[in-house]
Each structure stands twice: as structure tokens, then as C-alpha cells.
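Peer 1: I'll drop the sequence and a predicted model, then ask my questions.
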Amino acid sequence: MNQAVNSPFRYAGGKFYARKLILEYVPQHLSYVEPFAGGASIFFAKDKVKVNWLNDIDEDLVNVYLFIRDYPEKLIDALKNEIATKERHSFYKNIFIPSNPLERAIRWYYLNRTSYSGIMNMKNCYWGYGDKYSMRPENWGRNILRTSHKLQNVRLTQLDFEEVIQQVEDNSFLFIDPPYFNADQDKFYNHSFSRECHYRLSNILKYSSHKFKFLLTYDNSPEIQELYSWAKLIHEKEWNYTINRTDDQKRTKEIKDGIKKETVAKKGSRYKGREIFITNFSFAKKRLLLLTWI
Ligand SMILES: C[S@@+](CC[C@H](N)C(=O)[O-])C[C@H]1O[C@@H](n2cnc3c(N)ncnc32)[C@H](O)[C@@H]1O
């Protein structure tokens, strides 16, 4: 049975739009691990295997995953009368102080579903819901239930990536999607990923990856290419995606020659995702030919 569902979250740096491309690279495996899970678009887009492990250092993110896995009804019940408005967004962001893990999960879920690009770093968490393109609150319950179903028997942890990589069982497949090397990731996430962390990741992969297969995705920079010169393959990849904005984000007011002028950004602006895929294994020739064609 095909178990593919969409990620329950909107997530900065998420791989939702690249999921089909990435799935082409996923080899047969019985144990699957994401050390930097975020919205876990790839886990949700594929079938589960014998062992499934999602990890992220973000405590609130892991807390909401745990709630969805273990107590979906509690979260559904707490959110069932919610409406998506700027006022509620501002309430959850600025006023509501969670006093227990359920309340933390409620706040996180509400803000994630209604914020621009699902950015959960409070310094950059702005209202970004639109009835036409966002999941409406009346559908949140169904989203939580299908996510809960998929998360059954999935191991969820909140560890530093290094601890996870040290513990993976032999012959696992790891999908590794760390914060970008060059972009200003502190804007999006709650834990900064320093230059030293990027080197630490390369190091542990270099010395332990004889035990497992991995696919690592990164922004394309000479330094990353150099850092992974030991890897088997480095592919440059591209895909298209769209970002919708709410009406008030679309209007940027300019004062020009003393006259107030409104500029309206294009509806659903299109972008290109450009990254490199790094693997420590190669593909059958036929598959590779097909892939280099994409
Ligand atoms: C690019 S995002 C992952 C996106 C994900 N693949 C998706 O499709 O939504 C990177 C994630 O790494 C997490 N992270 C940052 N530092 C980490 C660390 N030291 N160990 C584990 N996770 C970390 C962040 O919290 C963030 O969720």
C-alpha cells in the first residue's frame, strides 16, 4: 500500500518541492534515518520501512511530532474551534505562554500553519495564511490524524546530529538535510548551525559512512564541494517551486516623489531550487543516465 502523505508542516528549507527528484536517489533500505528532520518531507513522501527514525535538535518541533504520534485526539480537540486570523496569530505569537507540552504543541501547530513559509523563529514569524492556498483550520484535524498514522512506531528524538549518526544501525539509509552553508539560517531556525558544525558533519560522515548509505543535500558552494571531495558522487540539481503570499505581504508601499504608490508582487512567485546532492554510493548505469537527463 502506498503510504505517501504530505508533510504536516510548512517548513523553511523543506524539501517538499524536490521530493520526487530526491526519491529517485533513494536506494532499497530497511532502516531509514533523518538526522535533520524538520518537516521531514522525504520521510512522509515515501513508504515506511522496518526501522524509521526522525531526529531534530528543535525541542518544540519534536514535542509537536510526539503529540501528533501519541495523543492526536488531544491536539485535534484543542484546535477544533480555531479560526485562522491575524488576531489569533498575534495572540499565539505574543501573548499565549504555554505551560505544558500540549499547550506548546497547540501554539507551534497554529503558528506553523498560519505563518509565512512556516518560519518558526519568532523574530521572523509573520502572518502568512491565505484561504485560497493554505490548509484551512477545518482540515487540520484530518492532517493530524493521517500524520499520526504515519508516525506510529517511528522513533522520534531531539539530539544533535552527531549522536544520531554514531548510533545508526549498519546498512541504514540516511537522508541528510542540514541548514545551508551560505544562507543566513539563523533567520529560520532556533538553533544556529555554525561553520564548525558543517565541518563536524563532514568529518563524521567521512569516517563512519562505510556502515551506511547517505544522500546529503546542500547549497552549491566551492567550500562544500571541497569538503566532500571524498564522497562518491556530487550532482547539481534544479527544481521549480512557487511561494504564495498573503495580500498584505504582496503590497509593498513605496513613497516616490511624495506620492504613495502601491506595487503588487506577482501572485504565486516562481523560484528555482538549486542544490547539490552528495552520495556515498553510485547508481546502476541505466538509472544514472536517466537522472542526468532531468
Ligand atoms: C533544512 S532543515 C530540514 C528540512 C527537512 N528536510 C524538510 O523537508 O522539511 C534543517 C533542520 O536541521 C535542524 N538542526 C539544526 N542544527 C541541528 C543539529 N545540530 N542537530 C540536529 N538537527 C539540527 C533544524 O532545526 C532544522 O529543522
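Peer 2: Sure, I can see it. Residues are numbered from 1 along each chain as shown.

Peer 1: what about the nearest residue to Glu59 once chain neighbours are set aside, how many neighbours?
Peer 2: In space, and not counting its chain neighbours, Glu59 is closest to Gln158: 5.5 Å by CB to CB, 6 or more residues apart in numbering. The way it works is simple: take the backbone N, C-alpha and C, and place the C-beta from them, glycine included. Using other CB atoms under 10 Å, Gln158 has 16 neighbouring residues.

Peer 1: Stretch 2-22 - what's its average pLDDT?
Peer 2: The pLDDT scores in stretch 2-22 average 90.

Peer 1: burial of the residue nearest to Lys50 when sequence neighbours are not counted, as a residue count?
Peer 2: For Lys50, ignoring the flanking residues on the chain, the nearest one in space by CB to CB, 6+ apart is Leu30 at 4.5 Å. Other residues within reach of Leu30, judged by other CB under 10 Å, total 11.

Peer 1: same deal with Ser134?
Peer 2: 16.

Peer 1: For it, pull up the helix or strand it's in.
Peer 2: Using DSSP states H and E, Ser134 is not contained in any helix or strand.

Peer 1: re the thing from before, am I right that the residue nearest to Lys50 is in contact with Asn52?
Peer 2: No. Contact criterion CB atoms under 8 Å: Leu30 and Asn52 do not qualify, at 10.1 Å.

Peer 1: The ligand versus Gly118, what's the distance?
Peer 2: Distance of Gly118 to the ligand, given as CB to the nearest ligand atom, to the nearest Å: 9 Å.

Peer 1: can you check Glu226 too?
Peer 2: Where the ligand is concerned, Glu226 sits at a distance of 21 Å (CB to the nearest ligand atom).

Peer 1: Now for that residue, how many residues are close by?
Peer 2: Neighbour tally, Glu226, other CB under 10 Å: 9.

Peer 1: residues touching it, list them.
Peer 2: When contacts are counted by CB atoms under 8 Å, 6 or more residues apart in numbering, Glu226 touches no other residue.

Peer 1: Give me the local confidence score for it.
Peer 2: 95.

Peer 1: My reading is that it lies in a helix. Confirm?
Peer 2: Yes. Under DSSP: H, G, I helix; E, B strand; the rest coil, Glu226 sits within a helix.

Peer 1: For Arg195, see how far away it is.
Peer 2: Noted for Glu226: a distance of 13 Å to Arg195, by CB to CB, to the nearest Å.

Peer 1: Ala105 - nearest residue in space that isn't next to it in sequence?
Peer 2: Excluding the flanking residues, the one nearest Ala105 by CB to CB, 6+ apart is Phe67, at 4.0 Å.

Peer 1: From what I see, the one you found and Leu75 are in contact.
Peer 2: Yes. Between Phe67 and Leu75 there is a contact under CB under 8 Å: 5.3 Å.

Peer 1: re earlier: can you name the residues that contact the residue nearest to Lys50?
Peer 2: 49-51, 171.

Peer 1: Tell me which residues touch the residue nearest to Glu59, please.
Peer 2: Here Gln158 is in contact with 55-59, 62 (CB under 8 Å, 6+ apart).

Peer 1: Where does the prediction get shaky in the chain?
Peer 2: 1, 243-268, 284-294 (pLDDT under 70).
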